[in-house]
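In: Provided below for reference: sequence and predicted model.
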Amino acid sequence: MTDPMTAPVSSAMNDFESERWRVVRPTMDKETCTDCGACRNFCPMGAIYADEKVIRISYDVCIGCGICAVDCPIHAITMQPKPGAHS
Ligand code: SF4
Ligand code: SF4
């Protein structure tokens, strides 16, 4: 069995848009969101950013892990089925 820690990484990973293989993605309710930035601090992918102090999500980078939805203190993020995805 191949040791996953030493297995070679496919060169295709360089072109891999990781968000594509998820069937859910975070949806931010901007009516509720206070732009506190807490979700940005917890996102492991750096997919959440501030655009002139407004917090936004880059779906090109997001892997759909759901950490931001768990860590938003006011539950302004919910994980929703990605449009066109099959579960
Ligand atoms: S943690 Fe919640 S309230 Fe704060 S910026 Fe993120 S979505 Fe908005
Ligand atoms: S679902 Fe995960 S990767 Fe996507 S924005 Fe939230 S914390 Fe970041």
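Out: Structure's in. What do you need? Ligands and ions are numbered 1, 2, ... in the order given.
In: Now the residue nearest to residue 82 when sequence neighbours are not counted: which helix or strand?
Out: Once flanking residues are discounted, residue 82 sits nearest to residue 25: 4.8 Å by Cβ to Cβ, 6 or more residues apart in numbering. Using the backbone N, CA and C atoms, a C-beta is placed for each residue, glycine as well. Applying DSSP states H and E as the criterion places residue 25 in strand 24-28.
In: Likewise for residue 62?
Out: Residue 62 belongs to no helix or strand, assigned by DSSP H and E.
In: Assess the claim that it and residue 28 are in contact.
Out: No - counting by Cβ atoms under 8 Å, residue 62 stays clear of residue 28, with 11.2 Å between them.
In: unless I'm mixing things up, residue 32 is touching residue 76, no?
Out: Yes - applying Cβ under 8 Å, one finds residue 32 in contact with residue 76, separated by 4.2 Å.
In: of the two, who's got more company?
Out: Just comparing residue 32 and residue 76: by other Cβ atoms under 10 Å the higher neighbour count belongs to residue 76, 22 against 11.
In: quick one: that one and residue 84, what's the gap?
Out: 24 Å (Cβ to Cβ, to the nearest Å).
In: Thank you, goodbye.
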